[in-house]
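J.: just coords:
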C-alpha cells in the first residue's frame, strides 16, 4: 500500500470511528463515503467489505493503545506506581471519543470481529506484567498473583463489551476504564 492509500485508510478508519460512535455498527459504507466526500468505489479500493474495514479499525485502535503503553513504559520521569496506573488506563490521543463500549453489539452478529477484540484484550500484557512484578519487588504494590489482577481487569472490560452497562448508566468507556484502574489500584475503601 502506498502512502496515499495509507492516508486514505486512516481517513476511512477515522470516519468509521466517528460514525460508529453515532450509530453503532449500523453505519454503512455510503455513510462513510458521504462523510469523506468520496465515492463508495474509492472505499472499496482499500477495503473489500465493512467487516474488513472494521477489523482494520480494531487493529489500529489496539495498536495505538500499545504505542501509548510503550511511551508510558519507557518514560523515566514516572515512578513505578504511576506507570502502572497509566499503562492500565492507556488510551491514545484522539481515541478517547471512540465508544469502545458499543463493541458488545458485535458479539451476536459479528462474532469474528468480537473475537478479535477479545484476543487483543488478552494479549500484549508483557510490559504491564513487568511493571507489576517490579512494583511488587520494590514493595510499592501488594503481593497479589498477577494472573488474578489480569483476570479481574480483562473480565471488567469484557463485561463492558458483552453488556450494554455503559449505555444504560451513561458512563463513557474512558470513565469506566479509569474507575476499573482506580479500584484495582486502590480498592473501594476510603483512605483515612
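T.: That came in fine, so what should we check first? This is a predicted model, so every value here is computed, not measured.

J.: distance of residue 123 from residue 150?
T.: Separation of residue 123 from residue 150 (Cβ to Cβ, to the nearest Å) stands at 11 Å. Where you see a C-beta, it was placed from the backbone N, CA and C, and this is true even at glycine.

J.: So which of those two has more stuff around it?
T.: Shown here are residue 123 and residue 150; by other Cβ atoms under 10 Å, residue 150 has more neighbours (15 against 10).

J.: in what helix or strand does that one lie?
T.: Per DSSP states H and E, residue 150 falls inside helix 146-162.

J.: Give the buried residues for that helix.
T.: Residues of helix 146-162 classed as buried: 149, 153, 156, 157, 158, 160, 161 (neighbour count, 16 or more other Cβ atoms under 10 Å).

J.: Can you tell me which of these lies closest to residue 35?
T.: When those are compared for distance to residue 35 (Cβ to Cβ), residue 161 wins out at 25.0 Å.

J.: what does the domain assignment say about this structure?
T.: According to automatic domain parsing, the chain comprises the domains 1-47, 58-186.

J.: between those domains, which one is nearest to residue 192?
T.: domain 58-186 (13.1 Å).

J.: got the contact list for stretch 181-192?
T.: For stretch 181-192, contacts defined as Cβ atoms under 8 Å, 6 or more residues apart in numbering pick out 81, 84, 85, 88, 89, 141, 149, 152, 153.

J.: related to what we said a few turns ago, just name the lowest-scoring one in the buried residues of helix 146-162, pLDDT-wise.
T.: Of all the buried residues of helix 146-162, residue 161 carries the smallest pLDDT score, 67.

J.: any idea where the helices of this structure begin and end?
T.: Using DSSP state H, the helices found in the chain span residues 3-23, 29-36, 40-43, 50-73, 80-88, 106-109, 111-122, 126-137, 146-162, 165-169, 173-186.

J.: Can I get the ones you listed in a markdown table including distance to residue 192?
T.: Below are the helices of the chain laid out as a markdown table (distance: least, Cβ to Cβ, whole Å):
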| stretch | distance to residue 192 |
| --- | --- |
| helix 3-23 | 41 |
| helix 29-36 | 52 |
| helix 40-43 | 57 |
| helix 50-73 | 30 |
| helix 80-88 | 20 |
| helix 106-109 | 42 |
| helix 111-122 | 35 |
| helix 126-137 | 23 |
| helix 146-162 | 25 |
| helix 165-169 | 29 |
| helix 173-186 | 13 |
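
J.: Using the centroid of the chain, identify the residue furthest from it.
T.: For the chain, the largest distance from the centre (Cα atoms, centre = their mean) belongs to residue 192, which lies 33.9 Å off.

J.: sorry, back to before: mean pLDDT lowest for which of the helices of the chain?
T.: helix 106-109 (a mean of 72).

J.: Counting by contacts, list what that one packs against.
T.: With contacts defined as 3 or more Cβ pairs under 8 Å, 6 or more residues apart in numbering; DSSP states H and E, the packing partners of helix 106-109 are helix 111-122, helix 146-162.
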